[in-house]
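> Coordinates for the following, if possible.
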Amino acid sequence: ILESGMLISADERMVFFLAAFVLYALWPAALCVTRYSIAEEMERGSVVANLAGDLGLELGSLAQREVKLDIFTNKKYLDFNKKTGELYIVEKMDREYLCLAKSPCFLKLDFIIESPLRIFNIELGITDINDNAPHFRRDRVELDVSESASPGERFSLPNAVDPDVGINTIKTYKLSVSQHFTIEIQTGSDGTQYVDLVLTKSLDREENAVHNLILTAVDGGIPVRTGTASIVVRVQDTNDNPPQFDQQIYNINMTENSPIGTLVTKLKAKDLDEGLNSEIVYSFTLYTSEKTQDVFAINPNTGEITVKGTIDYEDMTLYEMHIEARDKGKNPLLGQCKVIVHVTDMNDNYPEIIIESVKNTVDENIPVGSVIALVGISDRDTGDNGKVSLSIHQPMPFTLNESSDRPMHYKLIVSEPLDREKVPEYDIILIVTDAGKPPLSDNETISVHILDVNDNAPQFPQSFYTIRVMENNAPGALLSSLTAFDPDLHENQYLVYFIIEKEIANTSMSMLFSINPENGNLYALKTFDYEIEKEFLFHIEARDSGSPPLSSNSGAVLLKILNTWVRFQKELVLVSNTQC
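Numbers count the residues shown, from 1 in each chain. Predicted structure coming up:
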């Protein structure tokens, strides 16, 4: 407040320092939220605070991290300068637009820093300035007052409206000088001031048939702002019995979403006069807000009040209707009462899921306990109807942890090791359910794609291969194809084949055999002689192209050389048997 440049009195300064002392005493309990206060309508570029300094953050580390400012409004009023660490204004803030008549007015935002993730809750108090003048919904009011009216009789006048709050809202009303009228100010249950025009001296129509008055609404701001309405009082001849209701205040309980046409209550006023002077017309007074009149209707002839719009507990929990009964005499008189409708909540709002941040792709070796998403839930209903819970639709290697410092916010974390080769993608269905009867629920799906890591070594289908080759084979002949399998993806499954070097009779294995490194085809590099060497035992290795690469357990290969004479003898016997 002091930084905004507003002038405050000595008493206000004392209140400010007392508040600061209380805040200091309670500081440990308020560490979860960082609060600032500024006046509305501050210019663009104005610095609110050095946020980095207040949060204990180093500017050097912020330059390398992703910073996000989530403001829970439809406009971006603030931004953060990573170079200076300052929170500054990018668009003027109108307190009346942001909070209407609510006071105090807070703009809530989350300051989110990634890598590692940190979230700071910030509340920016928007203090009011006197930028609105009071105004009347009707700038001209005409009143018919009987000349037989007794001093002390009251007449409803329109109240003014000022969207400012605190000392800047309406402070008092003034009436222009009159010998016959004054005003009295009443304060309603919601703090709104209402004005009654009070007759102080008996009227004489023949002396003065019309009284022109000016009603002025004055606020308490600096400088003072005012608004006026013209009051025209027409003096009528005598109709000396006003209608009277049997109660001054009617309290009615109604359930929200009551059907249009539902009867709220039937009012009945009595008038001791006769003829037109006793016939009554019912209507809402100027005290009844336009919003209330959009929801309820009154039959002018019967006094029945019925529902004509939607009753929504989340919009209004209490409606206050001011009713007048006016007779039809030449000089109408009226009586007034108040009808208060208390709205009962129903479970008519579905709970909501808000995905604040999410990682849609993760490595399969992500550590257990890693955060996948930040999720918030809400429900506009109250009581049990507004109590909500969040769950995962079916068992998965993920779990939900409720935030200890942010009620109704959850972290979706990895609860078990992931394996892309088993499950390459998850559709995590989050279900939010309220505690109403019957309960209402909604759901959101978070898709998580699992990225491959090189965690599987190549494997041969067999651990031992036996290959038979007839002696006197041609050099370069294909002996066999030895293929390994790797369930990983991309470069992690691209295999290269090697013969593990070994010498036989001072001859290198690479002088006898070769293998195609791409497909595992094994070739003979020389002609084999059964009388010299009957078999060879060596090993084949498959290695993937991952980083780091993984290798198979070597595949053992036994190459047996077959004697051509044995084969010739078998063929000779076969021919002989055929001839026989």
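> use CA for all of it now, contacts and neighbours both
Will do.
> Does D442 touch I377 like I think?
No - look at D442 against I377 with C-alpha atoms under 8 Å: they stay out of range, at 10.3 Å.
> Of these two, which one has the most company?
I377 (18 against 14; other C-alpha atoms under 10 Å).
> Find the residues that touch each one of D442 and I377.
P351, E352, I353, V432 (C-alpha atoms under 8 Å, 6 or more residues apart in numbering).
> Looking at the residues you listed, which is nearest G191?
Taking C-alpha to C-alpha as the measure, G191 lies nearest P351 of the shared contacts of D442 and I377, at 33.0 Å.
> ok, so what distance separates the closest one from Y36?
Applying C-alpha to C-alpha, to the nearest Å, the value for P351 to Y36 is 31 Å.
> Tell me who's in contact with the nearest residue to R95 once chain neighbours are set aside.
Spatial nearest neighbour of R95, excluding adjacent residues (C-alpha to C-alpha, 6 or more residues apart in numbering): E40 at 5.8 Å. With contact set as C-alpha under 8 Å, 6+ apart, E40 has these partners: K92, M93, D94, R95, I126, T127, D128, I129.
> ok, the third one touching E41?
Yes - under the criterion of C-alpha under 8 Å, D94 lies in contact with E41, with a separation of 5.9 Å.
> mind listing what L203 touches?
Going by C-alpha under 8 Å, 6+ apart, L203 touches S146, E147, S148, A149, H180, V235.
> hang on, the earlier thing: who wins for neighbours among the contacts of E40?
R95 (26 neighbours).
> Confirm for me that that one is in contact with C105.
Yes - if you go by C-alpha under 8 Å, R95 and C105 touch, sitting 7.1 Å apart.
> Which residues are in contact with each of those two?
With C-alpha under 8 Å, 6+ apart as the test, R95 and C105 both reach I126, T127.
> helices and strands of this protein: which one has the lowest mean pLDDT?
Sorting the helices and strands of the chain by mean pLDDT, DSSP states H and E puts helix 10-25 at the bottom, at a mean of 43.
> Which is the succeeding secondary structure element to that helix?
Later in the chain than helix 10-25, the nearest helix or strand by DSSP states H and E is strand 33-39.
> Can you give the distance from the very next helix or strand once past that next one to the centre of its chain?
Using DSSP H and E, the helix or strand that follows strand 33-39 towards the C-terminus is strand 47-50. Relative to its parent chain, strand 47-50 has a centroid offset of 25 Å by C-alpha atoms, centre = their mean, to the nearest Å.
> Return the helix or strand immediately after strand 47-50 in the chain as CSV; C-alpha atoms alone will do.
Sequence-wise, the next helix or strand downstream of strand 47-50 (DSSP H and E) is helix 51-55. Taking C-alpha atoms only, helix 51-55 is exported to CSV below (Å, rounded to 0.1, in the frame of the first residue of the first chain):
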residue,chain,number,x,y,z
LEU,A,51,9.4,-12.2,-6.9
ALA,A,52,12.7,-14.0,-7.3
GLY,A,53,14.2,-12.3,-4.3
ASP,A,54,11.1,-12.8,-2.2
LEU,A,55,11.0,-16.5,-3.0
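> Helix 51-55 - what's its average pLDDT?
Averaging pLDDT along helix 51-55 gives 88.
> Tell me which helix or strand comes right after it.
helix 59-62.
> What's the local residue count around the closest residue to K108 other than its chain neighbours?
The shortest distance from K108 to any non-neighbouring residue, by C-alpha to C-alpha, 6+ apart, is to E123 (4.7 Å). Residues lying near E123 (other C-alpha under 10 Å) number 16.
> what's the answer for R234, then?
19.
> Mind checking the pLDDT average for the one helix or strand it maps to?
Following DSSP H and E, one finds R234 within strand 226-236. On average, the pLDDT along strand 226-236 is 92.
> buried sites along it?
T226, G227, T228, A229, S230, I231, V232, V233, R234, V235, Q236 (16 or more other C-alpha atoms under 10 Å).
> Who are the contact partners of the closest residue to V47 other than its chain neighbours?
Distances taken as C-alpha to C-alpha, 6+ apart place Y88 nearest to V47, at 4.2 Å, with adjacent residues excluded. Contact partners of Y88, counting by C-alpha under 8 Å, 6+ apart, are R44, G45, S46, V47, V48, A49, L78, D79, F80, N81.
> what's the following helix or strand after the helix or strand in which Y88 is found?
When secondary structure is defined by DSSP H and E, Y88 falls within strand 86-89. Per DSSP H and E, strand 86-89 leads on to helix 95-99 as the next helix or strand towards the C-terminus.
> Report all helices and strands that whatever helix or strand comes next after that next one contacts.
Downstream of helix 95-99, the next assigned helix or strand under DSSP H and E is strand 106-113. If contacts are counted by 3 or more C-alpha pairs under 8 Å, 6 or more residues apart in numbering; DSSP states H and E, strand 106-113 sits against strand 67-71, strand 118-127.
> I'd like the average pLDDT over strand 106-113.
89.
> Return the set of buried residues in that strand.
Quick answer for strand 106-113 (16+ other C-alpha under 10 Å): F106, L107, K108, L109, D110, F111, I113.
> partners of it in the sheet?
strand 67-71 (antiparallel), strand 118-127 (antiparallel) (DSSP bridges).
> ranges for the helices of the stretch 151-300 of the chain?
Secondary structure of the stretch 151-300 of the chain (DSSP state H, counting those that start in this stretch): helices at 290-295.
> can you pull out the strands in the stretch 151-300 of the chain?
For the stretch 151-300 of the chain, the strands defined by DSSP state E, counting those that start in this stretch cover 154-157, 160-161, 170-175, 181-187, 193-199, 210-219, 226-236, 244-245, 249-255, 263-266, 269-270, 280-284, 296-298.
> Can you give the distance of the longest one from its chain's centre?
Right, strand 226-236. 48 Å.
> Relative to I392, how far out is D379?
For D379 relative to I392 (C-alpha to C-alpha), the value is 18 Å.
> Report the central residue of this protein.
I354 (5.0 Å; C-alpha atoms, centre = their mean).
> Only the buried subset of the contacts of Y88, as a PyMOL command please.
Applying 16+ other C-alpha under 10 Å to the contacts of Y88 leaves a buried subset, and the PyMOL line that selects it is:
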select buried, resi 46+47+48+49+78+79+80
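> ok, so of the contacts of Y88, who is nearest T507?
Closest to T507, out of all of these and judged by C-alpha to C-alpha, is N81, at 72.5 Å.
> circling back to that earlier point, need the strands paired with strand 106-113 in CSV (columns: distance to I298 and mean pLDDT).
As requested, the strands paired with strand 106-113 are exported to CSV (distance: least, C-alpha to C-alpha, whole Å; pLDDT from 0 to 100):
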stretch, distance to I298, mean pLDDT
strand 67-71, 43, 86
strand 118-127, 40, 90
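> could you redo those as TSV and give each row distance to F464?
Listed next are the strands paired with strand 106-113 as TSV, based on distance: least, C-alpha to C-alpha, whole Å:
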stretch	distance to F464
strand 67-71	58
strand 118-127	55
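> Next, count neighbours for N253.
Counted with other C-alpha under 10 Å, N253 comes out at 12.
> Show the contacting residues for it.
Counted by C-alpha under 8 Å, 6+ apart, N253 has contacts V341, H342, V343, T344.
> Just the local confidence number for it, please.
pLDDT, read off for N253, is 95.
> Distance-wise, check it relative to V341.
N253 is 6 Å from V341, by C-alpha to C-alpha.
> was I right about A39 contacting I129?
Yes - the criterion here is C-alpha under 8 Å, and A39 meets it with I129 at 6.8 Å.
> Let me have the contacts of E40 in a markdown table, extended by distance to P424.
Output for the contacts of E40, formatted as a markdown table (distance: C-alpha to C-alpha, whole Å):
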| residue | distance to P424 |
| --- | --- |
| K92 | 48 |
| M93 | 48 |
| D94 | 50 |
| R95 | 50 |
| I126 | 49 |
| T127 | 53 |
| D128 | 55 |
| I129 | 58 |
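> Done for today, thanks.
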